[in-house]
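Provide a 3D model corresponding to the input given below.
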Amino acid sequence: MAQKSTSLIRDSETFQVLSKENWPADGAFWTPSRLSDSIVRNVNVWLDVLDTQLNIVFWNGVAETTSGYSREEVIGHNQIWQWLYPDEDYRQMITTRTSSLIEKAGGLEYFETNIRCKNGENKIILWNSCSLIDERDVIYGAITFGYDITDRKQVEEALRKANSDLSALYHVASVASASLDLDTILEKSLECILTTMSSDKGLIHLWDDDKEILRLTAQQGMSNEFITNIDQIQSDRGLTGWVFTHNQPLLISNLLIDPMTPRAILLGLDNSYIGVPMRAKGKVVGVFSVLGDTGRQFRPEDVTLLSSTADQVGVAVENARLYQQAEQLAVMEERERLAHDLHDSVTQSLYSLTLLGEAARRLMRTGELERAEDYITRLGETAQDTLKEIRLLVYKLRPPALEKEGLVGAIQQRLGAVERRAGVKAHLIASDSLKIPAPIEEGFYWIVQEALNNALKHAKASSVTVRIQIINAGIELEVEDNGIGFNPETVDRREGMGLASMEERSKRMGGTFCIHSSRGQGTLVKVSVKTALD
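Modelled structure (predicted):
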């Protein structure tokens, strides 16, 4: 390969001037008279030729234009190496690699370097180099073609950065959509953005409406001493407070010397800082902050990326808070139902106990012991019924079987105690080792109870099957019977059969609810919930 590539140079009429015999002693390597209108002089790439001492003996016009150094400045010596590569270690690496071409013949050598031009501008050059060999196969120098690829590299870097930023935004969006747990959303979003921005320190503060304070809700890489000082921040204090109040990004090159940095939180930090507001529904809900390594300067595109991420997280925070409010509302509704049940059953039973006891006491005073004994008997029976009512209410709050056995065990007990004793073929398809978050487990349990009750009381089913299985990133519940079926479109979900209750429980878990049924074809109740499983 080496002989072929160098012989083209040696044998071509155009390049005869590069032969060792034509090498001028005075260093005046090239003149138009020696090669009129040459391809070499007019080729639209950087071209230079080196002797065995790495002195420049030819320097074409493109080399002049690209580097800013003229022929007169570079031909005849090797000072150009110090100019193009001011860093000594980097220069040593480049000259060593170039010297290897001269010390040992080889094929074409391809490599990239960063050069410092005369005007101080940095450029990236792709080099194609090869040895120059005379008729006796003796190396007498090297020729190098250079291509300025700075613009191409900048475009490639911009595309890489854009892809990285889009990937980060997609990941944050995925985290936000996959969970309604606020802590999970904040921690995973912070971890993702720090990885993308090549930082190991970051903070998220959320606004607490009740206490009117910015509260630290997620952090990574911060010391305990630092966290103590920024755990709670007034809206008019420090960097975080400024970002929150002004609803604008804040960029600081060095926390240690910036007058806006509170002295209390410095602790020797000389990091750069970038903070952006987190917004949702037109208002600021918190502040997303990232600290850079010492000496690192954040760029405008870093602000854009962090702002976009912060706004996504802000919307996720708002959704999580709405979900929490919905859960609290659901708890209130459950309490109201419990209070209604207490009033309709237990409260009246207790009132009856009071009346029976008072009547028995009066009869005993008047000596009517037989009648008094009758009232006491009725009192005992009513007390037993009341106890059953109370136990049933407690079971509704958290069924003992569900508490002790988990969802699979509780459903097995139900099928064995009710369906099988009633002559219905009952099947449960689920793994005994299946682990489900408690709120979803309880929601599934009550949906199963309602669906089984419908199959038993309304559908007149002779067979029921309950399936619980992992589907993609979530869990799916199905209750299927072979009963008489019905038309879901003609049923008022607010009345009877508990359809509205099942659908509401599904929504509360962040899932989807659907029911498939038709006359004579049985019924399938299906609930799908996306959730993180253990």
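
how many neighbouring residues does residue 251 have?
15 (other CB atoms under 10 Å). Placement of C-beta: from N, CA and C, glycine included.

please read the previous query as pertaining to residue 377.
12.

same check on residue 406?
Using other CB under 10 Å: residue 406 sits among 19 other residues.

what's the nearest residue to it if we skip its chain neighbours?
residue 441 (7.0 Å; CB to CB, 6 or more residues apart in numbering).

so the one you found sits against residue 409, correct?
No. Counting by CB atoms under 8 Å, residue 441 stays clear of residue 409, with 11.0 Å between them.

how is the residue lying farthest from the centre of the chain assigned, secondary-structure-wise?
Largest separation from the mean C-alpha position in the chain: residue 367, at 80.7 Å (CA atoms, centre = their mean). Under DSSP: H, G, I helix; E, B strand; the rest coil, residue 367 falls in the coil class.

dump the residue contacts of the residue nearest to residue 406.
Residue 441 makes contacts with 402, 406-407, as judged by CB atoms under 8 Å, 6 or more residues apart in numbering.

next one, pLDDT for it please.
Predicted confidence (pLDDT) at residue 441: the value is 87.

before we move on, what about residue 289?
For residue 289, the predicted pLDDT is 90.

kindly report the same for residue 400.
If you check residue 400, the pLDDT there is 60.

give me the distance between stretch 285-296 and the centre of its chain.
18 Å (CA atoms, centre = their mean, to the nearest Å).

in it, what counts as buried?
285-292 (16 or more other CB atoms under 10 Å).

what strand or helix carries the residue nearest to residue 406?
Using DSSP states H and E, residue 441 sits within helix 438-457.

next, the buried residues of that helix.
440-452, 454-456.

out of these, who's nearest residue 466?
Using CB to CB, residue 448 is the member of the buried residues of helix 438-457 that lies nearest residue 466, at 6.0 Å.

now do the contacts for that closest one.
411, 414, 466, 477, 479.

what mean pLDDT would you report for stretch 232-249?
87.

send me it as PDB with only the CA atoms.
Output in PDB follows, covering the C-alpha atoms of stretch 232-249 (Å, rounded to 0.1, in the frame of the first residue of the first chain):
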ATOM      1  CA  GLN A 232     -36.700  25.500  53.500                       C
ATOM      2  CA  ILE A 233     -36.300  28.800  51.700                       C
ATOM      3  CA  GLN A 234     -38.400  32.000  51.900                       C
ATOM      4  CA  SER A 235     -39.600  33.200  48.500                       C
ATOM      5  CA  ASP A 236     -37.600  36.400  48.800                       C
ATOM      6  CA  ARG A 237     -34.300  34.800  49.900                       C
ATOM      7  CA  GLY A 238     -31.300  33.500  48.000                       C
ATOM      8  CA  LEU A 239     -31.000  32.200  44.500                       C
ATOM      9  CA  THR A 240     -33.900  29.800  44.600                       C
ATOM     10  CA  GLY A 241     -36.200  32.500  45.900                       C
ATOM     11  CA  TRP A 242     -35.100  34.900  43.200                       C
ATOM     12  CA  VAL A 243     -35.900  32.400  40.500                       C
ATOM     13  CA  PHE A 244     -39.300  31.700  42.100                       C
ATOM     14  CA  THR A 245     -40.200  35.300  42.600                       C
ATOM     15  CA  HIS A 246     -39.000  36.600  39.200                       C
ATOM     16  CA  ASN A 247     -40.200  33.600  37.200                       C
ATOM     17  CA  GLN A 248     -36.900  33.700  35.200                       C
ATOM     18  CA  PRO A 249     -33.900  31.400  34.800                       C
END
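
now do the buried residues in it.
So, applying 16+ other CB under 10 Å, buried residues of stretch 232-249: 233, 235, 237-244, 249.

tell me which of those fall in helices.
Counting by DSSP state H, the part of the buried residues of stretch 232-249 found in helices is 238-244.

which parts of the stretch 151-300 of the chain are helices?
Under the criterion DSSP state H, counting those that start in this stretch, the stretch 151-300 of the chain carries helices at the ranges 182-196, 224-230, 238-246, 263-266, 300-341.

could you give the average pLDDT over the fourth one?
By that I understand helix 263-266. For helix 263-266, the per-residue pLDDT averages 57.

same check on the first one?
For helix 182-196, the per-residue pLDDT values average out at 80.

for that helix, packing partners?
Helix 182-196 makes packing contacts with helix 150-178, strand 201-208, strand 213-220, strand 283-292, helix 300-341 when contacts are defined by 3 or more CB pairs under 8 Å, 6 or more residues apart in numbering; DSSP states H and E.

where among those is average confidence lowest?
Among the helices and strands packed on helix 182-196, helix 150-178 carries the lowest mean pLDDT (a mean of 65).

quick one: contacts for the nearest residue to residue 483 once chain neighbours are set aside?
Setting aside the residues directly before and after it, residue 483 is nearest to residue 459 in space (CB to CB, 6+ apart), at 2.5 Å. Neighbouring residues of residue 459 by CB under 8 Å, 6+ apart: 481, 483-486, 522-523.
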